[in-house]
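In: Task: produce atomic coordinates for the following.
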Amino acid sequence: MGSPAQRKVVVVGAGPVGCLAAISFAKKGWKVDLFEGRPDLRLPSSKAANQQRSINLAMSHRGIAALEAVDPALTHRFMQSVIPMRGRMIHSSKGDLDSQLYDRDGQASHCSMATGFYLF
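Out: This next block holds a predicted model:
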């Protein structure tokens, strides 16, 4: 095989892991083709459908560490725009609520990012 600059990789899926893989390969000099089956959320044609959803992106401390290893500046930008989450709320079928920490010591955290924030 040739040098890394001549290598090409195809990444299927432009979610957090696919984008992180694409960034990692590109930083090593690979030509990257990134494919996603869903429409580009930045396009005006996608905004109406996207406004009907209230799902945010959550990233664990392991995901943040992976992003930090690949692009510290991007990690800093990301961390300026997130809300820390230390636990989750469980809703039972009877309507009862139960708050649960992500770990018993309260150390593990996730970050919630609004769908309107784009890393690229």
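In: Per-residue confidence, the residue lying closest to residue 70 once chain neighbours are set aside, what does it come out as?
Out: Closest residue to residue 70 apart from its sequence neighbours, by Cβ to Cβ, 6 or more residues apart in numbering: residue 24 at 4.9 Å. In short, each C-beta sits where N, CA and C put it, glycine included. Predicted confidence (pLDDT) for residue 24: 94.
In: Surely residue 9 touches residue 30?
Out: Yes. Between residue 9 and residue 30 there is a contact under Cβ atoms under 8 Å: 5.2 Å.
In: From residue 67, how far out is the residue nearest to residue 70?
Out: Separation of residue 24 from residue 67 (Cβ to Cβ, to the nearest Å) stands at 10 Å.
In: rewinding a little: three-state assignment of the residue nearest to residue 70?
Out: helix (DSSP: H, G, I helix; E, B strand; the rest coil).
In: Would you map the strands across this protein?
Out: Counting by DSSP state E, the chain has strands at residues 8-12, 31-35, 57-60, 83-85, 87-91, 97-101, 110-113.
In: Residues contacting the last one, please?
Out: So that's strand 110-113. Strand 110-113 is touched from outside by 56-61, 64, 78-79, 81-85, 102, with contacts defined as Cβ atoms under 8 Å, 6 or more residues apart in numbering.
In: for this protein, what helix or strand is lowest in average pLDDT?
Out: Every helix and strand in the chain was compared by mean pLDDT, DSSP states H and E; the lowest is helix 44-51, with a mean of 68.
In: ok, back up a step: adding mean neighbour count and mean pLDDT as columns, could you present the strands of the chain in TSV?
Out: As requested, the strands of the chain are arranged in TSV below (neighbours: other Cβ atoms under 10 Å; pLDDT from 0 to 100):
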stretch	mean neighbour count	mean pLDDT
strand 8-12	13	97
strand 31-35	13	96
strand 57-60	16	78
strand 83-85	12	82
strand 87-91	11	86
strand 97-101	10	89
strand 110-113	17	71
